[in-house]
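A.B. asks: show me the folded form of this:
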Amino acid sequence: MYTLFLHLHSVIRWIVLILALVLIVKSIMKGNYGKLDNILSASYVGMMDLMFLLGLVLYFFLSPITKSAFSDFGGAMSNSAIRFWAVEHIFIMIVAIAVAHIGRSKSKKATDDNKKFKLQLIFYGISLVAMLAGIPWDRL
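C.D. replies: Alright, predicted model coming up:
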């Protein structure tokens, strides 16, 4: 079960990263904000939410790393690898998801297409940078 959830979490990560890049490129190119832009934006936030739910199951129920960290949290904080999984990864990803949701909400409320693209560029860009900082690149 752990391996299945971990693989799903990992595959969805790539989908989320691709969606973020597509949205950022489209935001830079601007143009008319159409149905496809709205679908891509909703898909980005929705896939982030799905990845977050899978991550929560891993974090609280399946991961041997976090189980170990929870059994000795003080010791986990002195080990940088365990601390990354117990605290840093989840914190950074929650920030990334929150920023993406704020960006989605603000861009939906904007009435001008250029404003929509600008808001997406800013918020999805920050969200992407946060995600890139929180991804365990050494474990790919």
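
A.B. asks: list the buried residues for the longest helix seen in the chain?
C.D. replies: Using DSSP state H, we find that the single longest helix of the chain is helix 2-29. Residues of helix 2-29 classed as buried: 5-6, 9, 12-13, 16-17, 19-20, 22-24, 26-27 (neighbour count, 16 or more other C-beta atoms under 10 Å). Quick note: C-beta positions are derived from backbone N, CA and C, even for glycine.

A.B. asks: closest to residue 104 out of the residues you listed?
C.D. replies: residue 23 (10.1 Å; C-beta to C-beta).

A.B. asks: that closest one and residue 40 touch, don't they?
C.D. replies: Yes: the pair residue 23 / residue 40 is scored as a contact, 5.6 Å apart, by C-beta atoms under 8 Å.

A.B. asks: other SSEs contacting the longest helix of the chain?
C.D. replies: Helix 2-29 is packed against helix 35-57, helix 113-134, with contacts defined by 3 or more C-beta pairs under 8 Å, 6 or more residues apart in numbering; DSSP states H and E.

A.B. asks: I'd like to know which of those helices is closest to residue 84.
C.D. replies: Nearest to residue 84, of all the helices and strands packed on helix 2-29, is helix 113-134, at 8.9 Å by C-beta to C-beta.

A.B. asks: tell me the buried residues in that closest one?
C.D. replies: By neighbour count on 16+ other C-beta under 10 Å, the buried set for helix 113-134 is 116-128, 130-131, 134.

A.B. asks: could you check the angle helix 113-134 makes with the longest helix of the chain?
C.D. replies: Put simply, helix 2-29 runs at 140 degrees to helix 113-134, going by axes from the mean of the first three to the mean of the last three C-alpha atoms, to 10 degrees.

A.B. asks: helix 2-29 versus helix 35-57: what angle between them?
C.D. replies: Using the same axes, to 10 degrees: helix 2-29 against helix 35-57 is 150 degrees.
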